[in-house]
Structures are given as C-alpha cells and as structure tokens.
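J.: Structure for the following, please:
(2 chains)
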There are 2 protein chains.
Amino acid sequence: MKIPILKLKDCLLISIQTELDDATAIEFQEDLLNKIHETSAKGVVIDVTSVDVIDSFIAKVLGDVISMSGLMGAKVVLTGIQPAVAITLIELGIYLDNVLTALDLEKGLEKLHLELGE
Amino acid sequence: MKIPILKLKDCLLISIQTELDDATAIEFQEDLLNKIHETSAKGVVIDVTSVDVIDSFIAKVLGDVISMSGLMGAKVVLTGIQPAVAITLIELGIYLDNVLTALDLEKGLEKLHLELGE
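T.: Sure thing, here's the model as predicted:
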C-alpha cells in the first residue's frame, strides 16, 4: 500500500503510520517528488510520530528525499521523531543537520509557514 | 496497512488513497472512532479523491462511520467524491443525505470550520 500524500493549500502533508520497508520507502520517495511536481507544492511536512524503528537505509532515503525536494523548490519539515528514533539516528551517525524538524504536525506546519514567509 | 489518520488542531484528516476492501474499511471505522476519542477531535475530513470504485458495503461502512462520529460529537465532511462514485452511489440508492460533502480537502476543512462556528 502506498503512503497517502495529502495536499492542503500549497503544502503536502504525509503521516507515515506504517513500518517502512525498503521498497515502500523508495516508492514513497518517487511518489512525493511526483506529487511536488504535479501540485507545485512549496512545502512538505513529513510526520513520523508513529515510526518506532528506523534503520540506516530508511534514514538515508528520508534524508535524500528531503534534499531532492529542496532541489525541486519545496521546503520539508520532519515532525514527530520519537526519542528512540532520535537515539538511533545519532548513534548511526545520521545528524540530518540541514533538516527542519518540529515536535508534531501542527508545529511543523507553523514552522513551514514561517520559513516560507507566510 | 492501516489508513493513516492525521491530527491537525482539533480536526482529523484522512485521505483514502487505496482500494478499500471490506476488512480495511471495518478497521478504519474502528481506528477513526478510537482516534476521535483519544484526541477529542471536533471535526473530521475524509477525502476520497483517489477512490475510483465503491460498492454498497463500503458505502454503508462510510455512512455508518459518519453517523457514529456524529454520535461521539465530531462533525464529518466527505470530500472529493469522484463522478463515477457519485453515479454508483445514487444508482445503489445510497443518498448520504445528512452527510456534509465538499469538492476537495481544503474546501472540506473550510466547510468544517464554518459548521463548527470557527
């Protein structure tokens, strides 16, 4: 099953509420970039509140899709990173340095609107 | 895979982007009611833009979950009903008379805020 991407005004909202296997992650990457192209979205919020486990491949795909979206002109905010996921990411040496983050979907949208100067 | 339910302020957003089989529909019904209870959501938008086919069972489950949400105090707006789906529904004799509808997710949220008097 695909991960649904919701369009709200000029933003896309995604809530990942399933365990991401490698194939789903790659499909999601493609879907999101196509959707940005299709909708001319200026911002994207990816909510990972329900993601309890992350591995280095998934973290790389997420990091990549954020960079790719940036190249296409869309700002991405990653929200709802769980404590255990934050620990894993840093232990894996994945710092997601230039990625905007926020506590939850709402705060992510606020941050996005600020970033987009709205 | 479960249908993700996004919480945005006091509303829940759902975009159904998969073919709904009977089991998924029933699981979705349960999930949505639990989420309304959990989050004290006042409104729900269910977007069915990507649903091309609907049968009488799924239509009944959707109608039911809208009535159930109403009982729990949450208003539901159904958005993005495709022409083919509208035709099927009326031909099946399902009028969804007391269901609020709108063209897309944005308009659905607007309608919801109006209904909630915000």
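
J.: only C-alpha atoms for contact and neighbour calcs from this point on.
T.: Fine.

J.: Let's verify the residue nearest the centre of chain A: helix, strand, or coil?
T.: Centroid-nearest residue in chain A, with C-alpha atoms, centre = their mean: residue A:46, separated by 3.3 Å. At residue A:46 the chain is in strand, as set by DSSP: H, G, I helix; E, B strand; the rest coil.

J.: Contact partners for it?
T.: A:13, A:14, A:15, A:16, A:76, A:77, A:78, A:79, A:105 (C-alpha atoms under 8 Å, 6 or more residues apart in numbering or on different chains).

J.: so how far is residue B:84 from it?
T.: 31 Å (C-alpha to C-alpha, to the nearest Å).

J.: at contact distance from chain B, anything in the host helix or strand of residue A:114?
T.: Residue A:114 belongs to helix A:105-115 when elements are defined using DSSP states H and E. Yes - Helix A:105-115 is in contact with chain B by C-alpha under 8 Å from any C-alpha of the partner chain, via A:105, A:106.

J.: Other residues contacting that helix?
T.: A:43-47, A:75-80, A:101-102, B:7-9.

J.: for it, which positions count as buried?
T.: Using 16 or more other C-alpha atoms under 10 Å in any protein chain shown as the test for burial, helix A:105-115 gives A:105, A:106, A:107, A:108, A:109, A:111, A:112.

J.: Also stretch A:4-13?
T.: A:4, A:5, A:6, A:7, A:8, A:11, A:12, A:13.

J.: could you dump those residues to a markdown table with pLDDT?
T.: Output for the buried residues of stretch A:4-13, formatted as a markdown table (pLDDT from 0 to 100):
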| residue | pLDDT |
| --- | --- |
| A:4 | 90 |
| A:5 | 94 |
| A:6 | 94 |
| A:7 | 93 |
| A:8 | 91 |
| A:11 | 94 |
| A:12 | 96 |
| A:13 | 96 |
